[in-house]
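Trainee: fold the following for me, if possible:
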Amino acid sequence: MARKPRRPDVEFDHIEQRGAEDLTMLFETHLRAIASGDPERRDRSVDDLAVAFGNMLAFGDLLGRRRSLLEGKAIEGKLTDEERMYFQAFDPPDKPVPKTSGRTPHRLPYRPYDIPGLTTVGFEQAAENLSTRVPELAMPQLDGQPLYKAVQALYQTEHAFSLAHAAHLALAGRMQEAMRVTAVTQEALERSLKYGISGAKFERAMADMHGFSASYSETVFRTSMKRSYSEGRKTMIAEDSTLSYVLPAFEFFNPGDASSRPNHAACSGIVAAQDSPLWKTLTPPLGYNCRCTMLSVNRYDLKRRKLLDEKTGIVREHVPKKYFRDNGGPDEGFGATGPGPAPYSGTPQMSVNQAWQSVVDRGD
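Mentor: Have a look, this model is predicted:
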């Protein structure tokens, strides 16, 4: 008996294992650039963050597109042996995550994902490697470039710098807070970086910022990457008539455990057409560190559940009563536009989530 494909949230957890760790290293490099007091070094570091963000989000979009393509092939019974292995099997969760050399792209699904821009695997190399398994991702566009390059250009142009600048503000705010709490001066930080002097207060400040950057990178990675992954899944189906026919709807899924937010859990079970206006506000993530996802629903399951009008092809929406009873929807202040967090006005002393939102709101 064939095993069922893994849910998208399980796949995303596997993607996150490596990406958040590498993002932490990038953030700590930027903290040191801020601490140096050199504005040119700081600005170069922001630019480096922007490139990394753009590539990270673009690759998330491509992984989402691949997910939709493989789901469509699975319904049609056209998966290759390698695709089937990727789609159905991962290393056991208790198995140590193997390290990658960064020089040669690994052959999925046997090793964890490298997220280009965050690891030493470049975007071009990783995207080409991915497209050898999913040729649709290399299809030429109107400008003659392959699809994966068009996706990369989109995220680099429209999203990357604003997210990098938002991260800069959050990290700079945390740096100032750590300096205040530990009574470390800017001069002491600069001297420590330049001459290797590491006094007790400086060490405490850096240790505090390390803990912040690790937890912050998990929030940033999960929130931003999940959105681009979800957008890639939706876009691939919307732009492919065959996929739109085979996978005409999405179902909202929430784990429903003790950690689930009530307003997120209330959305679980919603079924709507893939182009329904509902998904403009209910596409995961619905908040920071959201663990929700959308499950593709094929037309055969819709027929079985009496949610498809066979004459017109119209999907009948199913919205559970708990959605209205428990105020289902995104967290307050969290929007669903673009791959990053929603605008919000905050100060460096506020929480990680508020600091992360601040720059987009001010537009600076």
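
Trainee: tell me where the model's unsure across the stretch 51-200 of the chain.
Mentor: Scanning the stretch 51-200 of the chain for pLDDT under 70 picks out 82-83, 85-121, 193-200.

Trainee: ranges for the helices of it?
Mentor: With helices called from DSSP state H, counting those that start in this stretch, the stretch 51-200 of the chain shows them at 81-88, 123-133, 147-158, 160-182, 186-195, 200-220.

Trainee: what's the angle between the fifth one and helix 160-182?
Mentor: It refers to helix 186-195. Using axes from the mean of the first three to the mean of the last three Cα atoms, to 10 degrees, the inter-axis angle of helix 186-195 relative to helix 160-182 is 110 degrees.

Trainee: got the domain ranges for the protein?
Mentor: As given by automatic domain parsing, the domain ranges for the chain are 8-228, 248-325.

Trainee: nearest to Thr235, out of those?
Mentor: domain 8-228 (6.8 Å; Cβ to Cβ). C-beta here means a position set from N, CA and C on the backbone, and glycine is covered the same way.

Trainee: follow-up on the earlier one: make JSON lines out of the helices of the stretch 51-200 of the chain and add mean neighbour count and distance to Leu49.
Mentor: Shown next, in JSON lines, are these (neighbours: other Cβ atoms under 10 Å; distance: least, Cβ to Cβ, whole Å):
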{"stretch": "helix 81-88", "mean neighbour count": "16", "distance to Leu49": "30"}
{"stretch": "helix 123-133", "mean neighbour count": "18", "distance to Leu49": "15"}
{"stretch": "helix 147-158", "mean neighbour count": "19", "distance to Leu49": "12"}
{"stretch": "helix 160-182", "mean neighbour count": "21", "distance to Leu49": "4"}
{"stretch": "helix 186-195", "mean neighbour count": "15", "distance to Leu49": "19"}
{"stretch": "helix 200-220", "mean neighbour count": "18", "distance to Leu49": "10"}
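
Trainee: mind putting the ones you listed in JSON lines, distance to Leu307 included?
Mentor: Listed next are those as JSON lines, based on distance: least, Cβ to Cβ, whole Å:
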{"stretch": "helix 81-88", "distance to Leu307": "24"}
{"stretch": "helix 123-133", "distance to Leu307": "32"}
{"stretch": "helix 147-158", "distance to Leu307": "31"}
{"stretch": "helix 160-182", "distance to Leu307": "37"}
{"stretch": "helix 186-195", "distance to Leu307": "60"}
{"stretch": "helix 200-220", "distance to Leu307": "35"}
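
Trainee: picking up where we left off before, dump the domains of the chain into JSON lines; add distance to Phe334 as well.
Mentor: Formatted as JSON lines, the domains of the chain follow (distance: least, Cβ to Cβ, whole Å):
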{"stretch": "domain 8-228", "distance to Phe334": "9"}
{"stretch": "domain 248-325", "distance to Phe334": "5"}
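
Trainee: quick check: which of those domains is nearest to Glu239?
Mentor: Using Cβ to Cβ, the domains of the chain put domain 8-228 closest to Glu239, at 9.2 Å.

Trainee: ok, Val315 - how many residues close by?
Mentor: 21 (other Cβ atoms under 10 Å).

Trainee: residues contacting it?
Mentor: 248-249, 271-273, 276, 302, 307-309 (Cβ atoms under 8 Å, 6 or more residues apart in numbering).

Trainee: restricted to buried residues, select these in ChimeraX.
Mentor: To isolate the buried members of the contacts of Val315 in ChimeraX, using 16 or more other Cβ atoms under 10 Å:
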select :248,249,271,272,273,302,307,308
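
Trainee: re earlier: for Thr242, which of the domains of the chain is the nearest?
Mentor: Among the domains of the chain, domain 8-228 comes nearest to Thr242, with 6.7 Å by Cβ to Cβ.

Trainee: from the chain's centre, how far out does the closest one sit?
Mentor: Offset of domain 8-228 from its chain centre (Cα atoms, centre = their mean, to the nearest Å): 9 Å.

Trainee: same question for stretch 320-336.
Mentor: Mean-position distance between stretch 320-336 and its chain equals 21 Å (Cα atoms, centre = their mean).

Trainee: returning to that earlier point: cross the contacts of Val315 against helices and list the overlap.
Mentor: Among the contacts of Val315, the members falling in helices (DSSP state H) are Leu302.

Trainee: among the contacts of Val315, which are in strands?
Mentor: In strands, defined here by DSSP state E, the members of the contacts of Val315 are 249, 271-273.

Trainee: between these, which is closest to Leu154?
Mentor: Ala273 (24.5 Å).

Trainee: ok, that closest one - contacts?
Mentor: 248-249, 314-315, 317.

Trainee: now do 6 Å
Mentor: 249, 315 (Cβ atoms under 6 Å, 6 or more residues apart in numbering).

Trainee: one step back: dump the contacts of Val315 to CSV, plus distance to Ala178.
Mentor: CSV is the format used below for these (distance: Cβ to Cβ, whole Å):
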residue, distance to Ala178
Pro248, 51
Ala249, 48
Val271, 47
Ala272, 45
Ala273, 49
Ser276, 46
Leu302, 53
Leu307, 53
Leu308, 56
Asp309, 59
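
Trainee: perfect, I'm done here.
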